[in-house]
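**Q** coords please:
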Amino acid sequence: MANILLRSPYFVTVTTANHLSAQMALTIDGTLRYTIFKNAVSNRTVFEIATLCKDYFVANYNNLDTVSISYVITTYTAIDGGGTATSQSAITHTGYYGYSEFWDGVNQDFDPDDYELTNTGDTQIIYLPENTAGFAWDMNSGTATKATISTTATNVASTSGNYTWTIERVCSAKYSPIQMRFINKNGVPQDQYFFLKSVENVNTKSETFKRNIFSYSSSNYDVKSHQTQTFNKTGKKRFTINTDYIAEAYNAVIEDIMLSEYVWIYYDSKWHPVTVTTSALQKKTSLNDKLIQYTLEVEDANDIINNIV
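**A** Numbering: from 1, shown residues only. This next block holds a predicted model:
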């Protein structure tokens, strides 16, 4: 069993002796979704399954969601599924909506018994407001497990016992912290707080046309009528948010946020899906910048006006 990162390719290679073709029966979340035939090349057949499986991932801001993956390989002694068939035992995996990096190579997995899933840039530091609970994730016996952080905790041990996270409490007397939640590179939910100044803007866009307001019945026109008429008017909220001063290693967390496909922020007493619109960011270092602090821009993923049909 492997923990597949669905945003990067995952290859299944068949090297059974003397096979000329192979079939993969791919089951996702308990339902057979794909039956794929491929002819072998030099006694080797390769299937890529992450692209197919990630379409069945459903993001949830409040829970860890994974994809259950199972496949059965059948090899054939002739091309196009002909000749004698031999089926192998079913192989099962768990799909996480994360990614590996280019330098990791193919089929990057994480240690099922020792891996920090919450991305802290290897600092094991988590920044939280005072009197605020939180959580962190690691692998424990092959399962992603959440450790709960109490409102007063200054450290918390991982469920596997391999890590102890230091909780740095940040007092934000002037500004109300903005809580962000995102699916990180390891495919688990993670919180990041932005403690400094935040600014809310509304951006709108629309189309217009010029209409004839002349009335033939009166040979006149109403000066209160719109000659230029607006239509398809929409708007979104946009936020500029700022971190507090953070450890240099947290550059990796900011990068992770910018690469995440699922991000939410909490405001107006509810969670809002947002898009990170900051597309470029210069990484800061203690040597060059001394104190490290970042500004990001995010935009509501949904229009202000309900236009769902």
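**Q** Have a look at the chain and report its longest helix.
**A** Ordering each helix of the chain by length in residues (DSSP state H) puts helix 251-259 first.
**Q** CA atoms only for that helix - export them in PDB, please.
**A** What follows is helix 251-259 as a C-alpha-only set of coordinates in PDB (Å, rounded to 0.1, in the frame of the first residue of the first chain):
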ATOM      1  CA  ASN A 251       9.200  30.500   3.200                       C
ATOM      2  CA  ALA A 252       8.300  26.900   2.400                       C
ATOM      3  CA  VAL A 253       4.800  27.400   3.900                       C
ATOM      4  CA  ILE A 254       4.200  30.600   2.000                       C
ATOM      5  CA  GLU A 255       5.200  28.800  -1.200                       C
ATOM      6  CA  ASP A 256       2.900  26.000  -0.300                       C
ATOM      7  CA  ILE A 257       0.000  28.400   0.100                       C
ATOM      8  CA  MET A 258       0.700  29.900  -3.300                       C
ATOM      9  CA  LEU A 259       0.700  26.500  -5.000                       C
END
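**Q** quick one: contacts of whichever helix or strand comes after it?
**A** Following helix 251-259 in sequence order, the next helix or strand is strand 263-267 (DSSP states H and E). Residues from elsewhere that reach strand 263-267 (C-beta atoms under 8 Å, 6 or more residues apart in numbering): 61, 178-183, 239, 241, 257, 271-276, 298. Quick note: C-beta positions are derived from backbone N, CA and C, even for glycine.
**Q** Tell me the strands beside the very next helix or strand once past strand 263-267, with direction?
**A** Scanning forward in sequence from strand 263-267 by DSSP H and E, the next helix or strand is strand 270-276. Using DSSP bridges, the strands paired with strand 270-276 are strand 263-267 (antiparallel), strand 295-300 (antiparallel).
**Q** Save the ones you listed as JSON lines, and put in mean neighbour count and mean pLDDT too.
**A** Listed next are the strands paired with strand 270-276 as JSON lines, based on neighbours: other C-beta atoms under 10 Å; pLDDT from 0 to 100:
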{"stretch": "strand 263-267", "mean neighbour count": "19", "mean pLDDT": "95"}
{"stretch": "strand 295-300", "mean neighbour count": "18", "mean pLDDT": "96"}
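**Q** Quick one: the helices in the stretch 101-250 of the chain, in order.
**A** Counting by DSSP state H, counting those that start in this stretch, one finds no helices in the stretch 101-250 of the chain.
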